[in-house]
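Engineer: Attaching a predicted model along with its sequence, questions to come.
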Amino acid sequence: MQTTPLIIGSLCVFGLLIGTLTCLRRKRLIDDLPTSKTQGVFIGLTELKGTAEIETPLTSYLGAVRCVEYHWQVEENWSRTVTYTDSKGIHSRSESGWTTVASGGEKPPFYLQDDTGVIRINPEGASITDLNVFSRNCKESDPLYYAKGPRAAVPDSTHKRRFKENALLLHTMLYVIGQAQECKDIVAAEIAKDANAPLYIISIKTEKQISSSYVRWAWLWVILGLLTTLGTVFISNPPEGTGNPLTWQPFTAGALIYFAALAAGWTMTVYNSLITLRNRVNQAWSQVDIQLKRRSDLIPNLASCVEGYSSHEKAAQLLAAELRNQAEVYGETKEVRGYSNAIAAIAESYPALKADQSFLTLQKSLAETEQRIALARSYFNDIVTFYNTRLEIIPDRFVGAMARLFKQNTLKSTDLERAPVQVCLAA
């Protein structure tokens with residue numbers, strides 16, 4: 001057995017297995033995320049579908065189409081003859097190619113709209129699959145040549161240029177998967193680049209198309225890995241002498257080892273995806289808990305403000321006591337109440353409070369907190385539902401049983417509403 005080919009071949013097979021598992025992991029990540037409505041997005045990795053909208057539409061540089069993002073480039077052709085000398089004398093060869101002479105574009109934040117509302121998308125750092133809206137080759141005599149390109153020419157230019165532009169058209173349907181975070185200027189979520197997020201995709205392709213592309217790549221790596229395994233076995237175990245037949249035992253053993261490694265990697269991928277889902281459930285509940293704690297901290301200040309106007313603050317005190325206990329409700333049925341109506345009733349009971357700045361500030365903070373709780377609850381329920389589904393379907397249920405993973409309960413709520421984000425979008 002030849003050791004060097006075996007080591008090199010094994011390293012190549014290992015690399016192909018890593019490529020296979022990477023494709024499978026990304027496919028499962030896309031499949032594992034439930035599609036959220038824009039009105040229910042909160043912190044965390046999120047999948048969305050909707051149309052591309054913007055308040056002031058962009059006009060692309062080359063195609064002059066209305067869009068929310070575009071990028072373009074101009075390439076110039078060159079050709080030259082290269083002379084070189086070797087041991088056989090002087091020779092020459094022709095070389096040609098294209099050089100980018102100009103490029104540009106715009107990527108401002110825009111909005112994704114579905115049937116529940118809008119959410120802001122910051123496209124910087126995203127992997128964008130957009131539409132080709134302009135493609136044209138021309139010579140120097142064409143007005144476009146200098147109208148949209150530079151005056152200077154590259155060395156050895158043939159005075160031929162090609163113009164290309166891609167864009168996300170206004171109102172086009174998009175698929176987005178990325179990290180949701182809270183906006184700094186309003187109580188709402190936005191999708192933006194996060195260094196710790198595994199994926200950030202903005203695409204005109206559908207979820208099924210993107211998931212299927214990862215499947216095709218995975219199968220390609222699997223086939224290449226198997227062929228590389230068999231080739232490594234053949235090179236490492238050549239026939240002993242001319243005319244001796246090949247023995248199939250080494251090939252069978254190599255194939256079995258390869259598929260065993262692939263099965264182990266697949267099991268690890270499924271296990272890791274289920275653990276990631278479970279951690280995402282825990283993270284989602286922690287977001288609910290944080291907002292409940294924030295609300296309970298605000299209520300004593302509200303009660304003190306009411307007390308300053310009347311000695312009959314029983315309603316506020318009862319409300320405060322109930323809110324302090326809210327974050328400790330961890331039973332078989334998790335329930336969170338909304339208190340916007342109760343706060344409004346207190347304001348009606350004490351008309352003088354409506355003109356008090358402290359009360360108005362507290363009331364605004366509590367209203368914003370109610371919206372945050374609604375966001376957190378919606379995201380929690382979405383991810384719990386998908387996690388529970390994964391634990392019920394085959395083959396995930398077997399891996400989940402081995403890992404001792406159990407279903408989670410969704411969060412019930414009453415009187416919780418999220419105020420819509422008001423944005424004036426272009427028609």
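Structural biologist: Happy to help now that I have it. Numbering: from 1, shown residues only.
Engineer: ranges for the helices of the stretch 201-350 of the chain?
Structural biologist: With helices called from DSSP state H, counting those that start in this stretch, the stretch 201-350 of the chain shows them at 207-236, 249-307, 314-326, 340-349.
Engineer: do you know which of these lies nearest Gln179?
Structural biologist: Distance to Gln179, taken as C-beta to C-beta, is lowest for helix 249-307 among these, at 11.9 Å. C-beta here means a position set from N, CA and C on the backbone, and glycine is covered the same way.
Engineer: Any stretches of the chain with poor pLDDT?
Structural biologist: 1-2, 40, 42, 185-187, 238-246, 298-299, 301-359, 362-363, 413-427 (pLDDT under 70).
Engineer: domain assignment for it?
Structural biologist: Structural domains of the chain, as assigned by automatic domain parsing, span the residue ranges 40-207, 248-414.
Engineer: Nearest to Asn237, out of the ones you listed?
Structural biologist: Taking the domains of the chain one by one with C-beta to C-beta, domain 248-414 is closest: 5.0 Å.
Engineer: closest one to Asp32 among the domains of the chain?
Structural biologist: The closest of these to Asp32 is domain 248-414. By C-beta to C-beta, the value is 5.8 Å.
Engineer: returning to what we had before: which one of the domains of the chain lies nearest to Val233?
Structural biologist: Comparison of the domains of the chain against Val233 by C-beta to C-beta identifies domain 248-414 as nearest, at 4.2 Å.
Engineer: who touches Thr410 in this structure?
Structural biologist: Applying C-beta atoms under 8 Å, 6 or more residues apart in numbering, one finds that Thr410 lies in contact with 334, 380-381, 384-385.
Engineer: Scan those and report the most crowded one.
Structural biologist: Phe380 (27 neighbours; other C-beta atoms under 10 Å).
Engineer: Report the spatially closest residue to it, excluding sequence-adjacent ones.
Structural biologist: Ala284 (3.9 Å; C-beta to C-beta, 6 or more residues apart in numbering).
Engineer: hmm, back to that, quick check: of the contacts of Thr410, which lies closest to Ala180?
Structural biologist: Top of the list for closeness to Ala180, among the contacts of Thr410 and by C-beta to C-beta, is Phe380 at 13.2 Å.
Engineer: Which of the helices or strands spans that closest one?
Structural biologist: Using DSSP states H and E, the secondary-structure element containing Phe380 is helix 357-390.
Engineer: Can you list the buried residues in that helix?
Structural biologist: Judged by neighbour count (16 or more other C-beta atoms under 10 Å), helix 357-390 contains these buried residues: 359, 362-363, 365-366, 368-384, 386-388, 390.
Engineer: Who are the packing partners of it?
Structural biologist: strand 44-53, helix 249-307, helix 340-349, strand 411-414 (3 or more C-beta pairs under 8 Å, 6 or more residues apart in numbering; DSSP states H and E).
Engineer: How is the residue nearest to Ala261 when sequence neighbours are not counted assigned, secondary-structure-wise?
Structural biologist: Leaving aside its sequence neighbours, Ala261 sits nearest to Leu17 (C-beta to C-beta, 6+ apart; 6.2 Å). Three-state call for Leu17 (DSSP: H, G, I helix; E, B strand; the rest coil): helix.
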